[in-house]
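**Q** the sequence and its predicted three-dimensional model are supplied below.
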Amino acid sequence: MRRTPRPLSERRPTRAQISAEQLASLSHEFRTPLNGVLGMARLLEGTRLTAEQRAYVAALHDSGQHLLTLVNDVLDFAKLGAGRVELHPATTELEGLLRGVAELLSPRAREKGLEIAWAAPRTPAQIHADEGRLRQILLNFAGNAVKFTETGGVLITASAPEAGRIRFAVEDTGPGVSKSDRDRIFEAFAQADASHADLGGAGLGLAIARRLARAMGGEVGVESAPGRGACFWFEAALPGLPAAVTEPALAGRTIGVASPSAVVRDAARLQIEACGGQAACAPTPAEAVAMTGAGDVMLVDAAFAAANGSLRPPAQRRAIVLLAPDERDRIARYRRAGFAGYLIKPLRRASLAERVLIAAGAAPAADTAPREDERIAAAAAPGVRVLLVEDNPINALLAKALLNREGCEVEHAVGGEEALAAADVGAYDIILMDMRMPGLSGEDTARRLRADGVTTPIVALTANAFEDDRHACLAAGMDDFLVKPLSPDALRGALTRWTNPGWTKPAARAKVG
């Protein structure tokens, strides 16, 4: 006897029946093959291609990245809509937060011919806040700024308008936001201008940022940036933590800054002032020379170089050249031309102060050989021994290719049990661990390794780009977190953080005792 079919309304899962966990599982199934597509496109970009082929690969990568962003936004919005805003406040360094956001987006900005820069206040140096959620808001603001800006650049700053409050701002030189759109764009599925719809996005990013801000007791907004495009801001009561009082490194010094980019000049000025110095900024070297004295150090942007790359320091000035990471091949040439050193954009405050003092002859003799900036290294981790634990062959191929480019020696384990066996007999500098594997998961494997006395740094590899996933990794005993598809810059940063480049140490035996 044929059974009467149930009404369609009964066969469809209700809104309450579709949990955030189910959405997470479904989105993972989307992202796993999508990560493979994006990773292979990135590897293909590094091979010999015709101009036509390169255009096709770029379109493939951009489309895949757009789809990945949509999947992540939909899942995160669903989690927040279910009231799952989990906050994990801890000690957060403002400088590290802003620097990380700027450097993560720097390659994307560089591809568009944009400058991206950051500046943090000298005090407070640390705040008590959920660093991951702050980063999520800032990446949303700064990512949009890079996407919608065609010329100029993006400046990311933090300031303390009053004790106990922090204001983050992301200014750009893009088209701006009309007054009528300034509140509407923070609503779900809203976009400021239909003419920009071809740039992608479901209109969820800013709605997510507002919900996160309100969960932290703060608010977000947008206004016109002075002489620029838009300024997106987030402000909240985030208490500063007491820090040791030190003498400003550049107190009493004037530093000239010559750059055609207002973003670079503003960021350099704020960083110099945070170090106690005074900045003399100008759009040309000649104007900067006129504003400084013979004993002052100058920062000169390599954007002034001739078409053949030649550039000389201003006469009677000790000068430091400002370079993009992909201009590392010019360092030796600029040293021969008479420059006293180099700095990589986006500028880092500590490096700026260190190299200015060395150029001025004020640093102790032991400090006259500054460390090379790891962003210009041809290989971030030559000789580093890596245990890669990844069951997906496409993801493993991508990870091994990127690790080999950084000079690593890679051993591949296809699951948790194989990783435990490898760690029992091998010596590794770092373990890269996939989170979702058949049998032992990445979390279970990490717990077993730590229980066995393994001290090797473990970095999680996961398609889930959300803070609760990050905290689950850390709770399992892992040290860091990388989102798939692996970004070459993010991987390089993790290798730099956990394998101590610049000095040699024996690999820790994976098993202790």
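**A** Sure, I can see it. Residues are numbered from 1 along each chain as shown.
**Q** and the helix or strand hosting residue 53, average pLDDT?
**A** Using DSSP states H and E, the element containing residue 53 is helix 51-81. Across helix 51-81, the average pLDDT comes to 72.
**Q** find the centremost residue of this structure, please.
**A** A centroid search over the chain (C-alpha atoms, centre = their mean) returns residue 104, at 2.4 Å, as the residue closest to the centre.
**Q** for the stretch 201-350 of the chain, which segments count as helices?
**A** Using DSSP state H, counting those that start in this stretch, the helices of the stretch 201-350 of the chain run over residues 205-215, 262-274, 285-290, 331-337, 349-359.
**Q** just put those in a markdown table and tack on mean neighbour count and mean pLDDT.
**A** For the C-beta atoms, the positions are set from N, CA and C on the backbone; glycine is no exception. Putting the helices of the stretch 201-350 of the chain into a markdown table (neighbours: other C-beta atoms under 10 Å; pLDDT from 0 to 100) gives the following:
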| stretch | mean neighbour count | mean pLDDT |
| --- | --- | --- |
| helix 205-215 | 21 | 86 |
| helix 262-274 | 23 | 96 |
| helix 285-290 | 17 | 95 |
| helix 331-337 | 14 | 93 |
| helix 349-359 | 20 | 93 |
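**Q** after the helix holding residue 53, next one along is what?
**A** As assigned by DSSP H and E, the chain's next helix or strand after helix 51-81 is strand 90-93.
**Q** next, the buried residues of that following strand.
**A** Within strand 90-93, the residues that count as buried by 16 or more other C-beta atoms under 10 Å are 92, 93.
**Q** can you give the distance of it from its chain's centre?
**A** Between the centre of strand 90-93 and the centre of its chain there are 17 Å (C-alpha atoms, centre = their mean, to the nearest Å).
**Q** list of residues touching that strand?
**A** For strand 90-93, contacts defined as C-beta atoms under 8 Å, 6 or more residues apart in numbering pick out 125, 126, 127, 128, 129, 130, 131, 134, 241.
**Q** try 6 Å
**A** 126, 127, 129, 131 (C-beta atoms under 6 Å, 6 or more residues apart in numbering).
**Q** and stretch 434-453, by the same measure?
**A** With C-beta under 6 Å, 6+ apart as the test, stretch 434-453 has contacts from 389-391, 415-416, 419-420, 423, 433, 458, 460-462, 476-478, 511-513.
**Q** please list only the buried members of those.
**A** Buried members of the contacts of stretch 434-453, counted by 16+ other C-beta under 10 Å: 389-391, 415-416, 419-420, 423, 433, 458, 460-462, 476-478, 511.
**Q** could you tell me which of these belong to helices?
**A** Judged by DSSP state H, helices contain the following of the buried ones among the contacts of stretch 434-453: 416, 419, 420, 423.
**Q** where does the first one land on pLDDT?
**A** Reading off the confidence values, residue 416 has pLDDT 94.
**Q** could you list the low-pLDDT ranges of the stretch 401-513 of the chain?
**A** 464-468, 500-513 (pLDDT under 70).
**Q** all strands of it, in order?
**A** In the stretch 401-513 of the chain, the strands defined using DSSP state E, counting those that start in this stretch lie at 409-413, 430-434, 458-462, 480-483.
**Q** so which of those strands is nearest residue 139?
**A** Of all the strands of the stretch 401-513 of the chain, it is strand 480-483 that lies closest to residue 139, at 11.4 Å by C-beta to C-beta.
**Q** what strands flank the closest one, and is each parallel or antiparallel?
**A** strand 458-462 (parallel) (DSSP bridges).
**Q** report the angle between the partner strand and strand 430-434.
**A** Calculated by axes from the mean of the first three to the mean of the last three C-alpha atoms, to 10 degrees, strand 458-462 forms an angle of 30 degrees with strand 430-434.
**Q** name the residues that touch strand 458-462?
**A** Residues from elsewhere that reach strand 458-462 (C-beta under 6 Å, 6+ apart): 431-435, 446, 469, 473, 478-482, 484, 494.
**Q** go on, stretch 289-303?
**A** Stretch 289-303 has contacts (C-beta under 6 Å, 6+ apart) with 254-260, 280, 285, 288, 314, 316-323, 327, 356, 359-360.
**Q** same deal with stretch 164-181?
**A** Counting by C-beta under 6 Å, 6+ apart, 127, 141-142, 145, 148-149, 152, 154-161, 192, 222, 225, 228-235, 237-239 sit against stretch 164-181.
**Q** in strands only, show me those.
**A** When DSSP state E defines the strands, the subset of these inside them is 127, 154-161, 222, 230-235, 237.
**Q** got a ChimeraX select line for the buried ones in these?
**A** Selection command for ChimeraX covering only the buried members of the ones in strands among the contacts of stretch 164-181, criterion 16+ other C-beta under 10 Å:
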select :127,154,155,156,157,158,159,160,222,230,231,232,233,234,235
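**Q** surely residue 116 forms part of a strand?
**A** Yes - counting by DSSP: H, G, I helix; E, B strand; the rest coil, residue 116 falls inside a strand.
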